[in-house]
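Q: structure here, sequence nowhere to be found:
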């Protein structure tokens, strides 16, 4: 199991398992609805592209897609920056009760969502409403709201990374006369980069896939693609083909973002940096 | 130590956002939990009824079985994900051709929305039209029927969860492994430690905080799973996969019993919190001392 060839074989096998349900999603998206309920076959007999053609001409869906990109990118960036500073503060400052604060943040992610929809709805339509403007159905509203589940996640995954960066590095820089800001920017930030990249990707994913909150708190202007997609899954029957083809298309922006950000998931430069 | 004011300033936005969107709704839910309230029922007014909702809950067999099933689901799913995810992360630490490509492929399941994941797995597993029962029958003569067999349904929810969320574990653990200093490993190798010793005495203690953070996140997400399982099994057959998130959903939406639903949510939140707190105190609170290089 050591050689690069056997590694490659192993990864090919794993990729097959990983990709199969996605391949199946694609099969569903190009299979005519009638054939979907006959005996399954692993290969595609006749592909039809009508689902995709309809989606490309659907302006509402294009809008939902754009909303999703804006909201998840905005939220992931905001969350990663806030969590980075929060973790730095928790790790490097001697704040009273900081371990309790740290634990408290995660409790925001624990609640089962169903009953929280109502108070959030009231918050978005009644409390945060100035004149005609409401937080309901706005990009800003969703970006801020998604922090409730993404910030705790980001803080909890970044904290070990920041804690793992030797304090000696900060101290050495401070002794050399660097300000806190300079230390953060030139010492901590580069070393935390792999962790930050992973956090950015995963928070983006959580925001992108969020469904319940978006379904309740948006109507059109900020409606996301996940919610739009679920409109094809109804009690009277699911339009499997439509749903599957939208799902396949939503993979594209995600893939683009992944490949850009993933480049930063490489070993940092901690090694040897603290050796005297 | 530098001035703590800077530290609080860095924390302030986080606290403000979580306070507004986390604590305010929570207070509201606690308030509702002490009332009898069914806005679409026969008497739509909110009536204070003390702890009755909570008393009802203790004797609610459906709720208690839901809790038991959820725990079983969470333990099996999260346990497998962490072990599998750790091995994959270790594999990704090595160099081999096409590493970036495989890493991207491996993260793909994460970007499929839960509701879609549930739908696809349902189409793959439905008897007579699904690909999995079809080939199991053709090659092994095994008759897989999720609608009848509670065990299979449970197993499928676990497998689906593993498929969907292992990449998250892999990525977070990969980030943690990449951030480890290399010196202790080199030193251990020079001292003649074997791979198992290195794992138990160096790697594990050093990435324990990261593993724990990942377990927490996955655990609490598994405990409140709704969309995926809802699409895959609808909570059936019977109530075999009616996990607590689904249970609350059924109380709040078809029955619109908000008072009782809020009470359940508070209790579930409380149980999750206690469980995580115990884990946290047992495993992290005595912080492992960093090895001085």
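A: Received the coordinates, thanks. Predicted model, so just to flag it, every value in this text is computed and none were measured.
Q: closest residue of chain B to chain A?
A: As assessed by CB to the nearest CB, chain A sits closest to residue B:7 within chain B, at 3.0 Å. From N, CA and C alone the C-beta is placed, and that goes for glycine too.
Q: let me see the contact set for that residue.
A: A:89, A:92, A:93, A:94, A:95 (CB atoms under 8 Å, 6 or more residues apart in numbering or on different chains).
Q: mind redoing it with 6 Å?
A: By CB atoms under 6 Å, 6 or more residues apart in numbering or on different chains, the contact set of residue B:7 is A:89, A:93, A:95.
Q: which one of those is nearest to chain B?
A: residue A:93 (3.0 Å).
Q: around chain B, pick out the residues from the stretch 151-276 of chain A.
A: Counting by CB under 6 Å from any CB of the partner chain, the stretch 151-276 of chain A comes close to chain B at A:151, A:153, A:156-157, A:160-161, A:164, A:180, A:194-195, A:198, A:205, A:209, A:211, A:226, A:230, A:247, A:251, A:254, A:258, A:267-268, A:270-271, A:274.
Q: weed out the non-buried ones from the residues you listed.
A: The neighbour-count test (16 or more other CB atoms under 10 Å in any protein chain shown) marks A:151, A:153, A:156-157, A:160-161, A:164, A:180, A:194-195, A:198, A:205, A:209, A:211, A:226, A:230, A:247, A:251, A:254, A:258, A:268, A:270, A:274 as buried among those.
Q: inside helices: which ones of those residues?
A: A:151, A:153, A:156-157, A:160-161, A:164, A:180, A:194-195, A:198, A:205, A:209, A:226, A:230, A:247, A:251, A:254, A:258 (DSSP state H).
Q: circling back to that earlier point, distance to chain B, pLDDT and neighbour count for the contacts of residue B:7 - can I get that in TSV?
A: Putting the contacts of residue B:7 into TSV (distance: CB to the nearest CB, whole Å; pLDDT from 0 to 100; neighbours: other CB atoms under 10 Å in any protein chain shown) gives the following:
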residue	distance to chain B	pLDDT	neighbour count
A:89	4	92	22
A:93	3	88	19
A:95	5	86	17
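Q: follow-up on the earlier one: can you tell me the SS state at the residue of chain B closest to chain A?
A: helix (DSSP: H, G, I helix; E, B strand; the rest coil).
Q: let's see the distance spanning stretch B:119-132 from one end to the other.
A: The first and final residues of stretch B:119-132 sit 14 Å from each other (CA to CA, to the nearest Å).
Q: how far out from the middle of the chain is it?
A: 24 Å (CA atoms, centre = their mean, to the nearest Å).
Q: low-confidence ranges, the stretch 1-150 of chain A, go.
A: Applying pLDDT under 70 to the stretch 1-150 of chain A flags the ranges A:1-2.
Q: residue numbers of it in contact with chain B?
A: So the stretch 1-150 of chain A meets chain B at A:4, A:7-8, A:11, A:15, A:18, A:21-22, A:24-25, A:37, A:40, A:82, A:85-86, A:89, A:93-95, A:107-112, A:114-116, A:119-120, A:145, A:147-148 (CB under 6 Å from any CB).
Q: can you map out the helices along the chain?
A: I went with chain A, as the question did not name one. Taking DSSP H as the criterion, chain A carries its helices at A:4-30, A:50-56, A:59-92, A:98-107, A:117-122, A:139-145, A:147-164, A:167-175, A:180-183, A:189-209, A:212-217, A:225-230, A:240-262.
Q: oops, I was thinking of chain B
A: Taking DSSP H as the test, the helices found in chain B are B:4-18, B:24-33, B:52-58, B:61-93, B:99-107, B:114-125, B:131-140, B:150-178, B:183-190, B:195-198, B:204-223, B:227-232, B:244-252, B:258-283.
Q: which residues touch the shortest one?
A: Helix B:195-198 has contacts (CB under 6 Å, 6+ apart) with residue B:188.
Q: excluding its backbone neighbours, what's nearest residue B:51?
A: The shortest distance from residue B:51 to any non-neighbouring residue, by CB to CB, 6 or more residues apart in numbering or on different chains, is to residue B:34 (7.0 Å).
Q: go on, residue A:154?
A: Leaving aside its sequence neighbours, residue A:154 sits nearest to residue A:83 (CB to CB, 6+ apart; 3.5 Å).
Q: burial check on that neighbour, number of neighbours?
A: 28 (other CB atoms under 10 Å in any protein chain shown).
Q: kindly report the same for residue B:224.
A: Neighbours around residue B:224, by other CB under 10 Å: 23.
Q: so who does it touch?
A: Contacts of residue B:224 (CB under 6 Å, 6+ apart): A:112, B:245.
Q: if I look at the nearest residue to residue A:201 once chain neighbours are set aside, how far off is residue B:228?
A: The shortest distance from residue A:201 to any non-neighbouring residue, by CB to CB, 6+ apart, is to residue A:261 (5.3 Å). Using CB to CB, to the nearest Å, residue A:261 is found at 25 Å from residue B:228.
Q: looking at the two, which is more packed in?
A: Set residue A:261 next to residue B:228 and count neighbours by other CB under 10 Å: residue B:228 wins out with 22 against 17.
Q: verify the stated contact: that one with residue B:114.
A: Yes. With contacts counted by CB atoms under 6 Å, residue B:228 reaches residue B:114, the gap being 4.5 Å.
Q: what is in contact with the two at once?
A: By CB under 6 Å, 6+ apart, no residue touches both residue B:228 and residue B:114.
Q: thinking again about what came up before, can you give me phi and psi for the residue nearest to residue B:51?
A: Main-chain dihedrals, residue B:34, degrees, to the nearest 10: phi -100, psi 20.
Q: quick one: average confidence on stretch B:149-159?
A: For stretch B:149-159, the mean pLDDT works out to 89.
Q: likewise for stretch B:229-244?
A: 82.
Q: buried sites along that stretch?
A: Under 16+ other CB under 10 Å, the buried positions of stretch B:229-244 are B:229-233, B:235, B:237, B:239-244.
Q: can you give me the end-to-end distance of it?
A: The first and final residues of stretch B:229-244 sit 11 Å from each other (CA to CA).
Q: that one vs chain A: in contact?
A: No. Figure legend: stretch B:229-244 not in contact with chain A (CB under 6 Å from any CB); closest approach 6.9 Å.
Q: quick check: the closest residue to the residue of chain B closest to chain A other than its chain neighbours vs residue B:97, distance?
A: Spatially, and ignoring its direct neighbours in sequence, residue B:7 is nearest to residue A:93 (3.0 Å; CB to CB, 6+ apart). Distance, residue A:93 to residue B:97, by CB to CB: 45 Å.
Q: dump the helices of chain A to CSV, plus distance to residue B:149.
A: Below are the helices of chain A laid out as CSV (distance: least, CB to CB, whole Å):
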stretch, distance to residue B:149
helix A:4-30, 21
helix A:50-56, 33
helix A:59-92, 38
helix A:98-107, 36
helix A:117-122, 34
helix A:139-145, 40
helix A:147-164, 34
helix A:167-175, 56
helix A:180-183, 59
helix A:189-209, 29
helix A:212-217, 30
helix A:225-230, 28
helix A:240-262, 24
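Q: now for residue B:94: which residues touch it?
A: Residue B:94 neighbours (CB under 6 Å, 6+ apart): none.
Q: before we move on, back to that, got CSV for the helices of chain B, with distance to residue A:61 too?
A: Shown next, in CSV, are the helices of chain B (distance: least, CB to CB, whole Å):
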stretch, distance to residue A:61
helix B:4-18, 30
helix B:24-33, 31
helix B:52-58, 42
helix B:61-93, 32
helix B:99-107, 24
helix B:114-125, 15
helix B:131-140, 28
helix B:150-178, 24
helix B:183-190, 50
helix B:195-198, 51
helix B:204-223, 28
helix B:227-232, 20
helix B:244-252, 27
helix B:258-283, 33
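Q: good, we can wrap up now.
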